[in-house]
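Visitor: give the three-dimensional model of this entry:
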Amino acid sequence: MFALECHSRENSLVFTLLTTVNYRKFTRAMTQHYDVIIIGAGAGGGTLAYALAPTGKRILIIERGDYLPREKENWDPDEIFLQKRYQAPEQWLDNEHQPFDPQAYYLVGGNTKLYGAALQRMRAEDFGELHHADGISPSWPFPYEDFETYYTRAESLFKIHGQQGEDPTEPMMSADYPHSAMPHEPRIQAIADQLGEKGLHPVHLTLALDRNVADPRQGRCIRCDTCDPYPCMVDAKCDAQTVCVDPALEYDNVTLFTNTQVTRLLTSSDGGRVEKVEIRTDEGLGTLSADTVVVSCGAINSAVLLLKSANEQHPNGLANSSDQVGRNLMKHNHSALIAIAPEQNPTVFQKTLGIHDYYFKGPSQDYPLGQVQLTGKAKWQRLAKMTQGDLPEECLRHLARHSVDWWITTEDLPSPDNRVTLTSDGRIKINFIPNNSKPHDELVSLFEQHLRELGFYLFIHKKMDLAVFWHQVGTCRFGDDPKTSVLNVNCRTHDLENVYVVDASFLPSMGAMNPTLTIIANALRVADHLKSTL
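Guide: You can find the predicted model right below:
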């Protein structure tokens, strides 16, 4: 049951949607002025909106996509893996000017709508300079200790489950995890015990889930087999929409525009600030204005927006006097490792176990290798995608019944030549050559040997290609020197006094951990700064 009301207001048209489940108000106000406009409703923009909502300032969130529909297809592996149902329908160009389909999601909540919910702190050492096989991972402008309190707040906000004291790489924590760790199911517990007997330190993954481990009836999570990398049909996965955007919209001073793409940022005549935000909707082009503009489109699209906004005062793109916008793009070295054993794996909720023993060095390497973690339990459709249709369905089904499925991540390093650019006709081009691959291959081989010793006998490897940009970071890195960075330490652009970039773009390095918790924590940090300046 729902009702739709439409009425006029000066300079705007107001649509009010009343449902038995929810109430939201969307206002189209093409000439309206706001205190803050946030472009993008993902981990960065959504968290920032949530943190600023109680200030009473007039805040507009602009999202180019829409709410992800709640439908049976959310949990359909055919739709997720074979049909790419929720993937953005666009193509980017690679080094050779060849098109590819990026795994990007333009939704309220951004990529977190389909993430695996493993939110991890970078390690304290990741904030300093680290020497890798292929070069140096640069230091941050401040140490881990200055950032730690924001990790604690982010973990509380996103209901992190975890267990302190297991991880040899665990950094200092001022508070325990807000919720107890998600227990392993019997097959996974047996593997954890076997790895522990071999001298490793298996850890419980830190997971963002709405579940009461002691009394599951008190939470939404049902420990299903369609969590990673599916949308959550019961809103149990803590994502940027459910945790941040929706609560922010409960405040009358916060408005959300969906299906609205920001096409350019328009500056003042002297180029010192952004005065208008140009948007495109089904109704055409329009402009909005705000005292403060926050770009939170994701590392690639934030760089694209700044480059597309070039004008006479900023001929190389906004905030680009350093020529660093779009450069230093990173995405992690990722591989899936599907391990097959004679024993069946009846596990339903599999993503509970991680291995960090080789995060900083290997058994015969004096440089970091990375981390290993379980993925959601692979179904045959996922294996079909990984094997490119070379095996019949019945064979794939058999392998899936016997598989334990791992995800291996190694840090890649910033390079000015790995960058986002625009072609003459405005298409997105990703100039990217992978680096630091040797330690990644060594980690895959090393962990495979560990699994062989546990009785696994067949392995399917899949190194993720250019299309897998789930962990895109680094295109507008922050720093103290305007000649080598795009943003200052508060994530305000050096060149424009009222423009901030609050997403993964700011990261000068990211370790080998999923960067999402760091993006959330940084958004809380920038919000504290903005509260003192708005």
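
Visitor: now the helices for the stretch 1-150 of the chain?
Guide: Using DSSP state H, counting those that start in this stretch, the helices found in the stretch 1-150 of the chain span residues 43-52, 77, 144-157.

Visitor: buried stuff in the helix or strand hosting residue 500?
Guide: Secondary structure from DSSP states H and E places residue 500 in strand 499-501. Within strand 499-501, the residues scored as buried using 16 or more other C-beta atoms under 10 Å are 499, 500, 501. Quick note: C-beta positions are derived from backbone N, CA and C, even for glycine.

Visitor: ok, residues contacting that strand?
Guide: Taking C-beta atoms under 8 Å, 6 or more residues apart in numbering as the criterion, the residues outside strand 499-501 that touch it are 265, 273-274, 292-296, 302, 318-319, 476, 486-487, 490-493, 526, 530.

Visitor: now, those that are in helices?
Guide: 302, 526, 530 (DSSP state H).

Visitor: for the helices of the stretch 1-150 of the chain, which one sits closest to residue 403?
Guide: helix 77 (14.0 Å; C-beta to C-beta).

Visitor: what about the longest strand along the chain, distance to the chain center?
Guide: Counting residues, the longest strand in the chain under DSSP state E turns out to be strand 284-295. From the chain centre to the centre of strand 284-295 is a distance of 24 Å (C-alpha atoms, centre = their mean, to the nearest Å).

Visitor: neighbouring strands - and their directions - for that strand?
Guide: Strand 284-295 has the following sheet partners, assigned by DSSP bridges: strand 33-39 (parallel), strand 274-281 (antiparallel), strand 499-501 (parallel).

Visitor: mind saving the C-alpha coords of that strand as PDB?
Guide: Included here for strand 284-295 are C-alpha records, laid out as PDB according to Å, rounded to 0.1, in the frame of the first residue of the first chain:
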ATOM      1  CA  GLY A 284      17.500  18.000 -18.300                       C
ATOM      2  CA  LEU A 285      20.300  20.100 -16.900                       C
ATOM      3  CA  GLY A 286      20.100  22.400 -13.900                       C
ATOM      4  CA  THR A 287      22.400  24.000 -11.300                       C
ATOM      5  CA  LEU A 288      22.500  24.000  -7.500                       C
ATOM      6  CA  SER A 289      24.700  25.900  -5.100                       C
ATOM      7  CA  ALA A 290      26.200  25.400  -1.700                       C
ATOM      8  CA  ASP A 291      28.700  27.000   0.700                       C
ATOM      9  CA  THR A 292      30.600  23.700   0.900                       C
ATOM     10  CA  VAL A 293      30.900  21.100  -1.900                       C
ATOM     11  CA  VAL A 294      32.000  17.500  -1.000                       C
ATOM     12  CA  VAL A 295      33.000  15.200  -3.800                       C
END
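
Visitor: what does it rub up against?
Guide: Outside strand 284-295, the residues within contact range by C-beta under 8 Å, 6+ apart are 29-40, 45, 48, 60, 263, 265-266, 274-279, 302, 305-306, 498-503, 505, 530, 534.

Visitor: filter those down to just the buried residues.
Guide: Buried members of these, counted by 16+ other C-beta under 10 Å: 29, 32, 34-40, 45, 48, 60, 265, 274, 276-279, 302, 305-306, 498-503, 505, 530.

Visitor: for the nearest residue to residue 488 once chain neighbours are set aside, what are its contacts?
Guide: Counting by C-beta to C-beta, 6 or more residues apart in numbering, the nearest residue to residue 488 once its immediate chain neighbours are dropped is residue 494, at 6.0 Å. Applying C-beta under 8 Å, 6+ apart, one finds that residue 494 lies in contact with 319, 321, 322, 482, 485, 486, 487, 488.

Visitor: try residue 508
Guide: Taking C-beta under 8 Å, 6+ apart as the contact definition, residue 508 lies against 138, 139, 140, 328, 414, 474, 477, 478, 479, 485.

Visitor: can I get these in CSV with pLDDT?
Guide: What follows is those, written out as CSV (pLDDT from 0 to 100):
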residue, pLDDT
138, 98
139, 98
140, 98
328, 98
414, 98
474, 98
477, 98
478, 98
479, 98
485, 98
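
Visitor: so how far is residue 393 from residue 382?
Guide: Separation of residue 382 from residue 393 (C-beta to C-beta, to the nearest Å) stands at 13 Å.

Visitor: out of these two, which sits in the busier spot?
Guide: More neighbours sit around residue 382 than around the other of residue 382 and residue 393, counting by other C-beta atoms under 10 Å; the figures are 24 against 12.

Visitor: host element of the more buried one?
Guide: Residue 382 belongs to helix 380-387 when elements are defined using DSSP H and E.

Visitor: counting neighbours, show which residues of that helix come out buried.
Guide: By neighbour count, and taking 16+ other C-beta under 10 Å as the criterion, the buried residues in helix 380-387 are 380, 381, 382, 383, 384, 385, 386.

Visitor: OK, contacts around the closest residue to residue 504 other than its chain neighbours?
Guide: Counting by C-beta to C-beta, 6+ apart, residue 504 lies nearest to residue 473, which is 4.0 Å off, once chain neighbours are set aside. With contacts taken as C-beta under 8 Å, 6+ apart, residue 473 has the following neighbours: 299, 329, 330, 331, 504, 505, 507, 510, 515.

Visitor: now the third one: how far from residue 371?
Guide: The one in question is residue 330. Computed as C-beta to C-beta, the residue 330 to residue 371 distance reads 16 Å.

Visitor: what's the answer for the fourth one, then?
Guide: Spatial separation of residue 331 from residue 371 under the definition C-beta to C-beta is 15 Å.

Visitor: before we move on, the earlier item: neighbour-wise, which of the contacts of residue 494 leads?
Guide: Comparing those on neighbour count, residue 486 comes out first with 31 neighbours (neighbours: other C-beta under 10 Å).

Visitor: isn't that residue up against residue 324?
Guide: Yes. Under the criterion of C-beta atoms under 8 Å, residue 486 lies in contact with residue 324, with a separation of 5.1 Å.
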